[in-house]
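> Provided below for reference: sequence and predicted model.
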Amino acid sequence: MDALRRLLATKYRDMSVTDAMRKYAPFGGTDNNNPEAYVRFLQRNGVDTTRPVGVQVDKMADAIKKQEGWIEGVVRK
């Protein structure tokens, strides 16, 4: 989760939510991504698509976590 927040706060910081999702989850490929559907999901989960990513990193990370079905775990070295 920390890595996702850092990614959003740096690489995608100045992008619109739509542009960020087009880069983060580009259309097609082996993942069968649909960035526009991803944006709609983010909107339904509290992300404001009129504001840049950098001002709502935590909200976006939480919504991405929900969309991706993340399960909390422990990192072991």
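That came in fine, so what should we check first? Residues are numbered from 1 along each chain as shown.
> any weak-confidence spans in this protein?
The chain contains residues with pLDDT under 70 at 28-30.
> ok, now with 50
Under the criterion pLDDT under 50, no range of the chain is flagged.
> the helices in it, which residues?
Ranges of helices in the chain, per DSSP state H, are 2-10, 17-24, 35-44, 57-68.
> Return the residues in contact with M1.
Contacts for M1 were tallied using C-beta atoms under 8 Å, 6 or more residues apart in numbering; they are 61, 65, 70. (C-beta placed from N, C-alpha, C; glycine too.)
> Next one: the first one from A20, what distance?
Yep, that's A61 we're talking about. Distance, A61 to A20, using C-beta to C-beta, to the nearest Å: 12 Å.
> Likewise for A63?
Distance, A63 to A20, by C-beta to C-beta: 12 Å.
> between these two, which one's more packed in?
Set A63 next to A20 and count neighbours by other C-beta atoms under 10 Å: A20 wins out with 25 against 20.
> In contact with the more buried one, which residues?
So A20 contacts 8, 12, 53, 60 (C-beta under 8 Å, 6+ apart).
> Next one: the closest residue to I64 other than its chain neighbours from M60, what distance?
Excluding its sequence neighbours, the residue lying closest to I64 (C-beta to C-beta, 6 or more residues apart in numbering) is L4, at 6.4 Å. Separation of L4 from M60 (C-beta to C-beta): 9 Å.
> These two: which is more packed in?
Ranked by neighbour count (other C-beta under 10 Å), L4 and M60 place M60 first, with 26 against 17.
> Noted, bye for now.
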